[in-house]
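**Q** any chance you could fold what I've pasted below:
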Amino acid sequence: MAMEIMGVLAELTKLVEKAGPASIQAREHAELLAKKGAEDAKTIAPVNKTGKPHKLKGGYVDEPGDYRDSIRADVLFKDGAWRGRVGAYDWKAHIIEYGAKGKPKFATMRRTAGYLRGTDS
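**A** Coordinates of the predicted model:
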């Protein structure tokens, strides 16, 4: 499941527009910023501190670091411009971002968007 964070997308879009919508430099810049965002997100992503795998009722084994390792940077050409995107593709990405009953919200992607904006919020 990809989580598209509009703040990250908006900031990357603003920066890419300066170089020209379809230029090679714009693509490289979008890719650079997306990778920078993914690296930051991985440093703040929560990881199970016990270091032990967690077996779910359905039999799936969730390894520590699965969420962190699922974070990646993508670059796509959309609406005539290159756009960078940072996303988490683990099944529990939504729960980690927004929280759930009995689970705290970590807002990893929101914090990453703030980092890319320079506001760290």
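**Q** which stretches of this structure have low pLDDT?
**A** 1-6, 15-22, 120-121 (pLDDT under 70).
**Q** how about 80 then?
**A** Across the chain, the ranges flagged by pLDDT under 80 are 1-22, 119-121.
**Q** report the longest helix in it, please.
**A** Across the chain, the longest stretch assigned as helix under DSSP state H is helix 24-44.
**Q** next, the buried residues of that helix.
**A** Buried residues in helix 24-44, counted by 16 or more other Cβ atoms under 10 Å: 26-27, 29-31, 33-38, 40-42. (Glycine included, C-beta is placed from N, CA and C.)
**Q** state the distance from A113 to G51.
**A** 30 Å (Cβ to Cβ, to the nearest Å).
**Q** so between those two, which is more surrounded?
**A** It is A113, of A113 and G51, that has more neighbours when counted by other Cβ atoms under 10 Å, with 23 against 9.
**Q** is the more buried one within a helix or a strand, and which one?
**A** Assigned by DSSP states H and E, A113 belongs to helix 108-117.
**Q** what sits up against that helix?
**A** Helix 108-117 is contacted by residues 3, 5, 7-8, 11-12, 33, 36-37, 40-41, 44-46, 71, 86-88, 96-97, 120-121 when judged by Cβ atoms under 8 Å, 6 or more residues apart in numbering.
**Q** any quick ChimeraX command for the buried ones out of those residues?
**A** One line in ChimeraX is enough to select the buried members of the contacts of helix 108-117, burial here meaning 16+ other Cβ under 10 Å:
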select :3,5,8,11,12,33,36,37,40,41,45,71,86,87,88,96,97
